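Trainee: For reference, the sequence and a predicted model appear below.
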Amino acid sequence: MLAACLLTAAALWGVRHKPWPAGSRALLQLSLLLLGRFGSEFLRDPAGEPVAATPVRFAGLEMMELQWILLPCALLGLLGWHWRRTAAVPGVEQPAPPASSPMRNLLAVLGLLALAAALGPGALTVPEVMVVKALLLAVLVLEGGAFVLRSTQAHTTSGRTRLAALPLALASVVLLTSQVEPTPARSPAPARPAAPTTEEAPGRSLRISLGSRQGWYDESIVNTNGCGTVQYEALYQHSYRVAGGEVAYTFNPKQNGQPATVGLGAWTGSERQSVRIINRSNPNAAPSTYTSSLPLYSFNPFIAGERAPLRGFGFGYRIGLHFGELNYPAADQNQPTAEWRTAMPDFMLWLGARPKLFGQVDIGSGMNALGTYTLRQGIGTGLGKVDGRFLLGGFAVSFHDPSKPMAFLSGNLPVVKTGLSIEPSAASDFDKNHQFNFRFSYQLTFKKK
């Protein structure tokens, strides 16, 4: 297989100056690698092939199932490459290759993990699992970082954008200095398990989350004189967008103790404010308007944990702080510049039987502190599982106008056997206040060497 990779690299190097349409070389590379794997199966012992190694005879030719799958895929790839190459009109300048899309690449990695999850438990050896997880995690970190930076590039040009890479860099350090924990081998005969040590205790994991948040809301500030007469009114329109991520490390502080989590989040973005000032004391005066773009960013250290259920009843918490420029509500009495908040708490508490029914209250949790500081109260269910999934709904209020509650719906859906999960969330008062969040996470279980 190494020889096939070298030959493929040589072929691509030889055609690097060909004026082919975008995507042609990628199809050629894929097809040649598939052909190389197809040919290498003739040199391998079928007993050493863990996937699709059953011999199949068709049209007088006997090959393994894997080869029957690889061959048509390679031929289809070559046909696609030939069609892309010959469909180009001679003498016509070809369009530039499309820009790389980090979100598309992240979805491709998610698809690869989903395909890997469909394989049987013995399809890959422990070293292969370690290599695949390490490579895919590296892709997630790099493409996720590109997604975070690109999503904020259009909204701010300040150096604060680089702060979003902090949790990703921390994840890389932990990945390089940690060892993935393989699945323990089953013993031939049942034996009484020994008491777990601190290194073997369950719950040690690293969780990397990337997400984005956007929303908009309106405010109206009225200025009056001493007699209560309205002199002028300022109409604010806020629109914000934030992106970033979190890194959380879960461990057991003592033998057989409850797991605890420490984490750090970094979020960055911008808010656009449009202000229209109307002179109510002089109806003939033309309204004045101005627009400004203000930076948003936050460092968010936090701790979290949960306690085992007692007769089915348990609880979990998250406590932290946000430091930065978090939001810009309109100033009282229509000051020329908006106020801003630079430090706010991050708090979450849930109570109940998590897999069945629980209640939750959170305030400024994660990215919900930026743009508009939000308090949520709701009832949720773990959908009968204990793998982190949930569905939560209830009411929320934003601190810029607590008198107008919003309805919200949030959920978490793990992708089976991949360590990935997605968490969408939306809140709206169905009038002038709307929020939309999306986050995806990857969890890696490991232990110290």
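Mentor: Here it is on my side, so go on. Numbering: from 1, shown residues only.
Trainee: what comes up buried for the helix or strand containing residue 304?
Mentor: Secondary-structure element containing residue 304, defined by DSSP states H and E: strand 288-310. Across strand 288-310, burial judged by 16 or more other C-beta atoms under 10 Å covers 294, 295, 296, 297, 298, 299, 300, 302, 304, 305, 306. Glycine gets a C-beta too; all of them are placed from N, C-alpha and C.
Trainee: Can you show me the CA trace of it as CSV?
Mentor: In CSV, the C-alpha atoms belonging to strand 288-310 read as follows (Å, rounded to 0.1, in the frame of the first residue of the first chain):
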residue,chain,number,x,y,z
SER,A,288,-30.6,61.3,12.8
THR,A,289,-29.1,57.8,12.4
TYR,A,290,-25.8,56.2,12.9
THR,A,291,-24.3,52.7,12.8
SER,A,292,-21.4,51.2,14.7
SER,A,293,-19.7,47.9,14.9
LEU,A,294,-18.5,46.8,18.4
PRO,A,295,-16.2,43.9,19.3
LEU,A,296,-17.4,41.0,21.4
TYR,A,297,-15.1,38.5,23.2
SER,A,298,-15.0,36.4,26.3
PHE,A,299,-12.6,34.2,28.3
ASN,A,300,-14.8,31.7,30.2
PRO,A,301,-13.1,29.5,32.8
PHE,A,302,-15.5,27.1,34.5
ILE,A,303,-15.9,24.0,36.7
ALA,A,304,-18.7,21.5,36.4
GLY,A,305,-19.8,18.2,37.9
GLU,A,306,-22.7,16.0,38.9
ARG,A,307,-23.6,13.7,41.7
ALA,A,308,-24.8,10.1,41.3
PRO,A,309,-28.5,9.6,41.7
LEU,A,310,-29.9,8.7,45.1
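Trainee: So what are the sheet partners of that strand and their directions?
Mentor: Strand pairing for strand 288-310, using DSSP bridges, gives strand 260-279 (antiparallel), strand 313-327 (antiparallel).
Trainee: Please identify the most buried of these.
Mentor: strand 260-279 (a mean of 20; mean count of other C-beta atoms under 10 Å).
Trainee: Residues in contact with stretch 386-402: which ones?
Mentor: With contacts defined as C-beta atoms under 8 Å, 6 or more residues apart in numbering, stretch 386-402 is touched by 217, 219, 327, 329-330, 354-355, 360, 372-383, 404-414, 421, 427, 433, 435.
Trainee: So, low pLDDT: which residues of this protein?
Mentor: Filtered on pLDDT under 70, the chain yields the residue ranges 1-2, 45-53, 59, 87-203, 224-231, 253-257, 308-309, 331-341, 416, 447-449.
Trainee: Domain map for it?
Mentor: Here the domain parsing of the chain from automatic domain parsing is 1-88, 139-181+200-447.
Trainee: Need the winner for burial among those domains.
Mentor: Ranked by mean neighbours (mean count of other C-beta under 10 Å), the domains of the chain are led by domain 139-181+200-447, with a mean of 17.
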